[in-house]
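A.B. asks: here are the coordinates; sequence isn't available:
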């Protein structure tokens, strides 16, 4: 009798596993088709491919495209731009966490929802619209530019935040943080609300104040979320976006804000050098994967938190 029950239980478990497997098949197929199948395009980096010709008619050149792409001295400037802008952009994560913690301490529900909505909306606004807003404010005839020149008396200057090489990187970073900080703060806020309320009750009984609760309960509670977002951000440190730099770039600041994603687009689509752009993309992808695993391992060793 017991053996029959065990067999029935095993059959039930195996059916459940098969059902779960069948439910994951559509997602697996979607990932394979749209994420992994396009990787086959990397083969173009090993050929002297020209648009309009079949790949079979193009000469195999091995690693020549890699040597050519990374032999360009300008790519060092592009990599430095990418790293500086990405590293500075990481400041948006602790800022988002601080906003989430402060919002969690607010008692007024309507005020809390209003602030959450207001800071999250920019994340869903197109970069083209954001550029239009910034242009109306900071262009040569922009509202804020005109006001600043009136206050400083420097009315003849033609340099603006949109064309100043000295402040271009910082302006890009601050604009990106403004756009994304609200979305990240919502993720942190969800982590804060997931903390067991009994921990706060026990802390109150022990006489802990508001800041002590934040320091010893809230911050440790959202640490796993912070680590997850940090690992993802570091993994994407060489993939800091294309749209923003595509709409903001101009001849006066191109050398200061051109990042790898825009560089790949420019040499591939504008210069028609598909093999070289593919080679840069391949190396960029490998470095990103190494960074993800490296940061994950470091986080596991130092903080005991990881996502892989």
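C.D. replies: Thanks, I have the structure now. Remember, predicted model here, so these are calculated numbers, not experimental data.

A.B. asks: Sketch out the low-pLDDT regions of the stretch 201-308 of the chain for me.
C.D. replies: Along the stretch 201-308 of the chain, the parts satisfying pLDDT under 70 run over 305-308.

A.B. asks: How are the helices of it distributed by residue range?
C.D. replies: 210-213, 219-235, 243-248, 254-257, 260-265, 274-302 (DSSP state H, counting those that start in this stretch).

A.B. asks: Likewise for the stretch 51-200 of the chain?
C.D. replies: Along the stretch 51-200 of the chain, the stretches classed as helices by DSSP H, counting those that start in this stretch are 64-70, 74-89, 92-105, 109-120, 127-138, 143-152, 168-193, 197-205.

A.B. asks: Would you mind saying which of these lies nearest residue 253?
C.D. replies: helix 168-193 (4.1 Å; C-beta to C-beta). C-beta here means a position set from N, CA and C on the backbone, and glycine is covered the same way.

A.B. asks: one step back: any idea which of the helices of the stretch 51-200 of the chain scores lowest on pLDDT?
C.D. replies: Among these, helix 143-152 carries the lowest mean pLDDT, a mean of 81.

A.B. asks: Please identify the buried residues of it?
C.D. replies: If you call a residue buried by 16 or more other C-beta atoms under 10 Å, then helix 143-152 has these buried ones: residue 145.

A.B. asks: now the angle between helix 127-138 and it, please.
C.D. replies: 20 degrees (axes from the mean of the first three to the mean of the last three C-alpha atoms, to 10 degrees).

A.B. asks: circling back to that earlier point, I'd like to know which of the helices of the stretch 201-308 of the chain is closest to residue 110.
C.D. replies: For the helices of the stretch 201-308 of the chain, proximity to residue 110 was assessed by C-beta to C-beta; helix 210-213 is nearest, at 21.5 Å.

A.B. asks: quick one: the closest one to chain centroid distance?
C.D. replies: The chain centroid and the centroid of helix 210-213 are separated by 31 Å under C-alpha atoms, centre = their mean, to the nearest Å.

A.B. asks: Name the residues that touch it?
C.D. replies: Residues outside helix 210-213 that contact it (C-beta atoms under 8 Å, 6 or more residues apart in numbering) are 105, 200, 203-204.

A.B. asks: Neighbour count added to those, as TSV?
C.D. replies: Shown next, in TSV, are the contacts of helix 210-213 (neighbours: other C-beta atoms under 10 Å):
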residue	neighbour count
105	13
200	15
203	16
204	12
